[in-house]
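Participant: sequence and predicted structure below; questions after.
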Amino acid sequence: MSVNLCIDWGNTNVKAAIFDKDTLQKQFTFSPEEALEKITSIMNLYLPVKAIICQVGKRNDEVENLVISKIKSTVILNGNTRLPIYNAYLTSDTLGPDRIALVCAAHILYPEKNNLVVSLGTCITYNFVQKNKTFRGGAISPGLQMRLNAMHTFTNKLHQIGMDGELVMLGYDTASCMRSGAAFGMQYEIDGMIADYAKQYPDFNAILTGGDAPFFASKIKSKIFADPDLLLKGLNLILNYNVSSPH
């Protein structure tokens, strides 16, 4: 059995997953402050022989050095990592490694499609990989909570709110108007993006993922597949592509 450890270090949370070759066995979510303790415990319990780290949030050298010291076959995902697809993005040094993992997973899962991966996290990222195995780029826009935060930060009278509370199209007070604008505006943006890609590219496929994907999955009118584990699957694919499994 080849046990792989995949770590997705996001802007808000850290996710870790244990794979047996291509099969996701277990996953964990914790805060960056808990990461050192939690990852140590995971490694001691599951004894992974290969690991990959994808860091989008603030870099943590202590965790990275710990994993490298314990697991010889460790990949730090970046713009120079060997991939099973072609990367046509012009500024690989500024390309989030999470976007790389998403498009790799999308292409392997749907190789005969032109795939748009819509990832709903701190930001929304639109990531387009053609069926000729080429990642072309896409778009980045503010995520749900960032939209709410911006309305508070850049005005004098709009309060800081979250999405707790009634969500209606016709807001009846300031808080419900802010929730309506943030959520429905985001929904229409996603639907519009998907529709434009679908018009331009044949054999088109759209995949929804990320922390806010469950909130929006039933609201998106366009045909779209939801896969909350797409990023972790992509990390595991890249890890196996770069490091052979021991016999």
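Facilitator: Nice, I can see it. Everything numeric here is computed off the predicted structure, so don't read it as measured data. Residues are numbered from 1 along each chain as shown.

Participant: C-alpha only now, for contacts and for neighbours.
Facilitator: OK.

Participant: pull out the buried residues from the longest helix along the chain.
Facilitator: Of all segments of type helix in the chain, defined using DSSP state H, the longest is helix 174-200. Buried residues in helix 174-200, counting neighbours by 16 or more other C-alpha atoms under 10 Å, are found at 175-176, 178-184, 186-187, 190-191, 193-194, 197-198.

Participant: same thing with stretch 224-241?
Facilitator: Of the residues in stretch 224-241, those scored as buried under the neighbour-count criterion (16+ other C-alpha under 10 Å) are 224, 226-228, 230-240.

Participant: so where's the protein shaky on pLDDT?
Facilitator: Along the chain, segments meeting pLDDT under 70 span 1, 245-247.

Participant: ranges for the strands of it?
Facilitator: According to DSSP state E, the chain carries its strands in the segments 3-9, 14-20, 23-30, 50-55, 73-76, 86-87, 114-120, 123-129, 134-142, 204-209, 225-226.

Participant: domain ranges for this protein?
Facilitator: Residue ranges of the domains in the chain are recorded as 3-76, 86-233, according to automatic domain parsing.

Participant: chain center to the first one: distance?
Facilitator: From the chain centre to the centre of domain 3-76 is a distance of 15 Å (C-alpha atoms, centre = their mean, to the nearest Å).

Participant: quick one: end-to-end distance for that domain.
Facilitator: In domain 3-76, first residue to last residue: 17 Å (C-alpha to C-alpha, to the nearest Å).

Participant: also the last one?
Facilitator: Between the opening and closing residues of domain 86-233 lies a distance of 18 Å (C-alpha to C-alpha).

Participant: related to what we said a few turns ago, out of the strands of the chain, flag the one nearest residue 101.
Facilitator: Evaluated with C-alpha to C-alpha, the strands of the chain place strand 50-55 nearest to residue 101, the distance being 8.6 Å.

Participant: tabulate the strands of the chain in CSV, adding columns for distance to residue 151.
Facilitator: CSV is the format used below for the strands of the chain (distance: least, C-alpha to C-alpha, whole Å):
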stretch, distance to residue 151
strand 3-9, 27
strand 14-20, 27
strand 23-30, 28
strand 50-55, 28
strand 73-76, 36
strand 86-87, 35
strand 114-120, 19
strand 123-129, 15
strand 134-142, 12
strand 204-209, 25
strand 225-226, 29
